[in-house]
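# Mind looking at a prediction? Sequence and model below.
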Amino acid sequence: NAGVTQTPKFRILKIGQSMTLQCAQDMNHNYMYWYRQDPGMGLKLIYYSVGAGITDKGEVPNGYNVSRSTTEDFPLRLELAAPSQTSVYFCASSYHGELFFGEGSRLTVL
Amino acid sequence: AQSVTQPDIHITVSEGASLELRCNYSYGATPYLFWYVQSPGQGLQLLLKYFSGDTLVQGIKGFEAEFKRSQSSFNLRKPSVHWSDAAEYFCAVGEQAGTALIFGKGTTLSVSS
């Protein structure tokens, strides 16, 4: 089973560039999430979605956008990348309260 | 607002010794509680979860956790630690099925031989 798949696994961006982190799940889960993880800070919620066509902001949404056109896909868009967005990004889906995580995307902004 | 506190940033335990990782939460009702483990460079793996019922829950890899409502705690325990248990451990709380989890800042476990 693929579960939650994130691409790319690693990426280096220059300040001001834009990119999209892809996330796909094959478990038919309605709920999906994007978190960022910074050393010593745990995971912070960026955006979440309760189903196709419905998204909402989490704790740290500034500088990011999301869309949810299908149940399977939940891409995260970074516009005008800044060094503060250097982080590890995790996508997750949930079922009955339990989160299933992808392996993460490590992004460096220089 | 919900919050999760893991008081210990880093713990070192000898191989074969017992382990307890602390987790305290702030939430008005009965929360959904989780422990996740993360090995270096990897995603998060669920160790165990508590939704309701028996307050002592068993998880994978020999871990268990006890929900204590009076202390707002959900501490993780293992009777005998193995070198492969070295990782970062996260406690998380959720309001109900489907809501986003709030994570603690994590506890890094080192295992000495």
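Perfect, I can see it now.
# mind listing what's buried in stretch B:15-33?
B:19, B:21-25, B:27, B:31-33 (16 or more other CB atoms under 10 Å in any protein chain shown). C-beta: built from backbone N, CA, C; applies to glycine.
# And stretch B:101-113, by the same measure?
For stretch B:101-113, by 16+ other CB under 10 Å, it's B:101-107, B:109, B:111.
# cool, stretch A:96-105 as well?
For stretch A:96-105, using 16+ other CB under 10 Å, the buried residues are A:97-105.
# How about the residues of chain B by chain A?
B:4, B:9, B:32, B:34, B:36, B:42-46, B:49, B:51, B:90, B:92, B:94, B:96-106 (CB under 8 Å from any CB of the partner chain).
# Go ahead and list the helix or strand containing the residue nearest the centre of chain A.
The residue lying closest to the centre of chain A (CA atoms, centre = their mean) is A:Trp34, at 3.4 Å. Element membership of A:Trp34 [criterion: DSSP states H and E] is strand A:31-37.
# any idea of the mean pLDDT in the helix or strand just after that strand?
The first helix or strand that comes after strand A:31-37 along the chain, using DSSP H and E, is strand A:43-51. Regarding strand A:43-51, the rounded mean pLDDT is 95.
# average model confidence for stretch A:10-25?
Stretch A:10-25 comes out at a mean pLDDT of 97.
# other SSEs contacting the strand holding A:Trp34?
For strand A:31-37, the packing partners by 3 or more CB pairs under 8 Å, 6 or more residues apart in numbering or on different chains; DSSP states H and E come out as strand A:19-25, strand A:43-51, strand A:87-95.
# Any idea how far that strand is from the middle of the chain?
5 Å (CA atoms, centre = their mean, to the nearest Å).
# do the same with stretch A:83-102
Using CA atoms, centre = their mean, the offset of stretch A:83-102 from its chain centre is 6 Å.
# Could you list the residues of chain A in contact with chain B?
A:30-31, A:33, A:35, A:40-43, A:45, A:48, A:50, A:58, A:90, A:94, A:96-99, A:101-104.
# Now do the contacts for A:Gly63.
A:78-80, A:82, A:84-85 (CB atoms under 8 Å, 6 or more residues apart in numbering or on different chains).
# Serialize those residues to CSV and add fields for secondary structure and pLDDT.
Listed next are these as CSV, based on DSSP: H, G, I helix; E, B strand; the rest coil; pLDDT from 0 to 100:
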residue, secondary structure, pLDDT
A:Leu78, strand, 96
A:Glu79, coil, 89
A:Leu80, coil, 93
A:Ala82, coil, 96
A:Ser84, helix, 96
A:Gln85, helix, 97
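# Just the buried residues out of these, in PyMOL syntax.
A single PyMOL command suffices to select whichever of those are buried according to 16+ other CB under 10 Å:
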select buried, chain A and resi 78+85
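# The contacts of A:Gly63: which two are farthest apart?
Farthest-apart pair in the contacts of A:Gly63 is A:Glu79 and A:Ser84; separation 13.4 Å (CB to CB).
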